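In: Just a sequence and a predicted model for now, questions to come.
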Amino acid sequence: MNSGALKGRRVVFGVSGGIAAYKALECVRLLTEGEAEVRVVMTPEATRFVAPLSFESLSYHPVAADWLDARGSGETHIQLSEWAEVVVVAPATANTIARLALGLADEVLSGTVLASEAPLVVCPAMNDRMFSHPQTEAHLASLRQRGAVVVEPAIGRLASGKTGIGRLASPERIVAAIGAVLNGRRNLEGLRVVVTAGGTREPLDPVRYVGNFSSGKMGRALAEVAAARGARVSLITTIPGASEEIDEVRVTTAQEMLEAVQRESAQADVLVMAAAVADYRPAEVASSKIRRTSKPLDLRLQPNVDILAAVGRRKGLFRVGFAAETSDVEPQAREKLKAKELDLIVANQVGVNGQGLGSDFNAVTIVSANGLVREVPRLTKWEVAERVWDAIHEARSAGR
Ligand SMILES: Cc1cc2nc3c(=O)[nH]c(=O)nc-3n(C[C@H](O)[C@H](O)[C@H](O)COP(=O)(O)O)c2cc1C
């Protein structure tokens, strides 16, 4: 998460009465850790799942859970609705979603939402059949139509013991979406994005490969930021992980990566090639393990597939390449941008301690075909990914 994205921002956090209410505690903790100002509002039902005291302790403020609480001014919901820069409902029960869609205000959470002009972030959590019920779908569609951001639930084990869709999105995903909304960056909704990550491994024999030091962290950060901004994301990677809400395709060699990119990008709007694809692969792959001897071993390498060239240009697909250079970063990047007919290139200087390959930090130069140039200083890879998506958004908007 971008370290400054939440600092000093005013978040009204609404909790309704679902089994996932306990996960809202972690959301509030992450928000206050990011130095956001948080006020928690609970439905009366929610207080039967988690005590307000826990939320008071984590948000450092009293919780509004009762319209008629003698401690409140009687107008708490109006004050909160005006104070909020964003209103979040997590978990949002089927019942609370129905209230919000219909404009009911019979308890303090729905009253606050109805009175507020702040952007609304709704995080549904419920049984899969309740979630897929046409009435719930209609209520969510109506909220979306009015500009609400819906953080889709995940597929997984539900409270009923069954596996299905309806699990509350992870606290990290919810907080990332709140950060994107607060910073006007929820701008990839409806887009289909493909990101590649990690270094390819080119086999030499059944147990060895030719590879590189890429950790896949830059590509994963790009995929996670795109998801937080509302895109549907496929991550084609040689280094598997478990990022919720991102479709992961595991590959090993450049050839496998090419096939996955061709398949996944056929319907995509943006392709970001952040993987470190091996330029060469062994000319021959031994069918059995190469034995150790006292003699030197010569390896013959041959050029590998060029994935960007093989995928080619397609109208509607915005293609982003990465260039790792040891010197002359910007001129080399411009050359590659032109040679590969890319829409945008992200160049980084490798061989500098504490950034780039394998590190959690990076510093890049972004150049687009339509004239945009951005220097991004040494930042965390998450923050660099934010800047890259800002540049992609700007270049795509200018190109339309
Ligand atoms: C143990 C238990 C777990 C529940 N979990 C959920 C849930 O995850 N999602 C949901 O929509 N409703 C859930 N319900 C039903 C809601 O609690 C019920 O609809 C309630 O009226 C919601 O009130 P609220 O929306 O005002 O908070 C659950 C009920 C019980 C008894």
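Out: That came through fine. Numbering: from 1, shown residues only.
In: Spell out which residues of this protein are next to the ligand.
Out: 16-20, 43, 45-46, 93-96, 125-126, 130 (Cβ under 6 Å from any ligand atom). (Glycine included, C-beta is placed from N, CA and C.)
In: can you pick the most crowded of those?
Out: residue 16 (31 neighbours; other Cβ atoms under 10 Å).
In: just checking, it touches residue 95?
Out: Yes: with contact defined as Cβ atoms under 8 Å, residue 16 counts as touching residue 95 (7.2 Å).
In: of the residues of the chain next to the ligand, closest to residue 138?
Out: residue 94 (11.7 Å; Cβ to Cβ).
In: Excluding sequence neighbours, find me the nearest residue to the closest one.
Out: Nearest non-adjacent residue to residue 94, counting by Cβ to Cβ, 6 or more residues apart in numbering: residue 130, 4.7 Å away.
In: For that neighbour, give me the pLDDT.
Out: For residue 130, the model assigns a pLDDT of 96.
In: how far does the helix or strand it falls within sit from the chain's center?
Out: Element membership for residue 130, per DSSP states H and E: helix 128-132. Averaging C-alpha positions (Cα atoms, centre = their mean, to the nearest Å) puts helix 128-132 24 Å from its chain's average.
In: do the same with stretch 332-342
Out: The answer for stretch 332-342 is 27 Å, by Cα atoms, centre = their mean.
In: which residues sit against it?
Out: For stretch 332-342, the external contacting residues (Cβ atoms under 8 Å, 6 or more residues apart in numbering) are 308-309, 313, 319-321, 323, 325, 344-345, 347, 365, 367, 369.
In: related to what we said a few turns ago, okay, and the common contacts of residue 16 and residue 95?
Out: residue 45.
In: and residue 137, how many residues sit next to it?
Out: Residue 137 is flanked by 11 other residues according to other Cβ under 10 Å.
In: and the gap between it and the ligand?
Out: Here residue 137 is placed at a distance of 14 Å from the ligand (Cβ to the nearest ligand atom, to the nearest Å).
In: Wasn't residue 25 part of a helix?
Out: Yes: applying DSSP: H, G, I helix; E, B strand; the rest coil, one finds residue 25 inside a helix.
In: Please name the residues that touch it.
Out: 50, 54, 55, 58.
In: per-residue pLDDT, residue 4?
Out: 79.
In: go on, residue 163?
Out: So residue 163 comes in at 87 (pLDDT).
In: and what of the one 4 residues further on?
Out: Per-residue confidence at residue 167 stands at 95 (pLDDT).
In: Note down every partner strand of the helix or strand of the chain with the lowest mean pLDDT and its orientation.
Out: Across the helices and strands of the chain, the lowest-confidence element by mean pLDDT, DSSP states H and E is strand 154-157, at a mean of 87. Partners of strand 154-157 in the sheet, by DSSP bridges, are strand 163-167 (antiparallel).
In: now, which of the contacts of residue 25 sits nearest the ligand?
Out: Using Cβ to the nearest ligand atom, residue 50 is the member of the contacts of residue 25 that lies nearest the ligand, at 11.4 Å.
In: Give me the pLDDT for the nearest residue to that closest one once chain neighbours are set aside.
Out: Spatially, and ignoring its direct neighbours in sequence, residue 50 is nearest to residue 21 (4.7 Å; Cβ to Cβ, 6+ apart). Residue 21 carries a pLDDT score of 98 in this model.
In: Residue 21: what's it in contact with?
Out: 15, 46, 49, 50, 91.
In: quick one: which of those is most hemmed in?
Out: So for the contacts of residue 21 (other Cβ under 10 Å), the most neighbours sit at residue 15, 34 neighbours.
In: Let's see the pLDDT reported for the residue of the stretch 151-300 of the chain found nearest the ligand.
Out: The nearest approach of the stretch 151-300 of the chain to the ligand comes at residue 159, 6.1 Å away (Cβ to the nearest ligand atom). What the model reports for residue 159 is a pLDDT of 83.
In: which residues in the stretch 301-400 of the chain form strands?
Out: Assigned by DSSP state E, counting those that start in this stretch, the strands in the stretch 301-400 of the chain fall at 301-303, 318-325, 344-349, 361-368, 373-380.
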